[in-house]
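[1] Quick one, structure for this:
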Amino acid sequence: MPKINGNEIRPGNVLEHDGGLWAAVKVDHVKPGKGGAFAQVELKNLRDGRKLNERFRSADKVERVRLEQKDMQFLYESDGLLHIMDTETYEQVTIPADILGERRPFLQDGMTIVVEFHEAEALNATLPQKVICKIVDTEPVVKGQTAANSFKPAILDNGVRVMVPPFVGTDEDIVVNTETMEYSERA
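    Numbering: from 1, shown residues only. This next block holds a predicted model:
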């Protein structure tokens, strides 16, 4: 694995530090009035989600890890495990369902997700940015209600509650952004 200097760390880099794998979330380069410059790095553990603030001087060497990204197809879920299949080799793998966090309800049968592996261990999974969902319940349109920046609550077919514009009604398909978990457009 390549070693990089402490001042070369960028957000999104995966580092091997203190015997674990950490993702750099935020990096601030600080030049104090006295002493040498350093990078103040906020790290997040990829295995258990712990956060850590660490200072790296430019002379410090850290191991940068490259994660292998694979397109995988979601098959089914059982006992808190997601059963997924490699789209190239058709090999089936199981990963913990909580790897998706709060985006788990947006996972649909047959959906292709991107899973990041480090030496055959799944560390992260990302859903497509936009997913189509059906509204099962929302308030009816109130006549005379202005469309400018007014939203109403709606419950989707996966149980997630989002805010939608007043013109969207029950049983309509909408596109939801899985990163922000917000209404994007009509489908």
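
[2] State whether residue 104 is indeed within a helix.
    Yes - looking at residue 104 with DSSP: H, G, I helix; E, B strand; the rest coil, it is inside a helix.

[3] Just the pLDDT for it.
    With respect to pLDDT, residue 104 has a value of 87.

[4] do residue 3 as well
    Predicted confidence (pLDDT) for residue 3: 88.

[5] Starting from residue 44, give me the distance back to the nearest residue to it once chain neighbours are set aside.
    Here the nearest residue to residue 3 in space, its sequence neighbours aside, is residue 61; by Cβ to Cβ, 6 or more residues apart in numbering that works out to 4.5 Å. The way it works is simple: take the backbone N, C-alpha and C, and place the C-beta from them, glycine included. Separation of residue 61 from residue 44 (Cβ to Cβ, to the nearest Å) stands at 21 Å.

[6] So what sits opposite the residue most central in space within the chain in the bridge?
    For the chain, the residue nearest the mean C-alpha position is residue 126 (5.3 Å; Cα atoms, centre = their mean). According to DSSP bridges, the residues that bridge with residue 126 are residue 114.

[7] List the buried residues in the helix or strand bottoming out on mean pLDDT in the chain.
    Scoring the helices and strands of the chain by mean pLDDT, DSSP states H and E places strand 121-126 at the bottom, with a mean of 84. Within strand 121-126, the residues that count as buried by 16 or more other Cβ atoms under 10 Å are 122-125.

[8] go on, stretch 106-114?
    106-107, 113.

[9] re earlier: name the nearest of the buried residues of strand 121-126 relative to residue 26.
    Among the buried residues of strand 121-126, residue 124 lies closest to residue 26 (Cβ to Cβ), at 17.4 Å.
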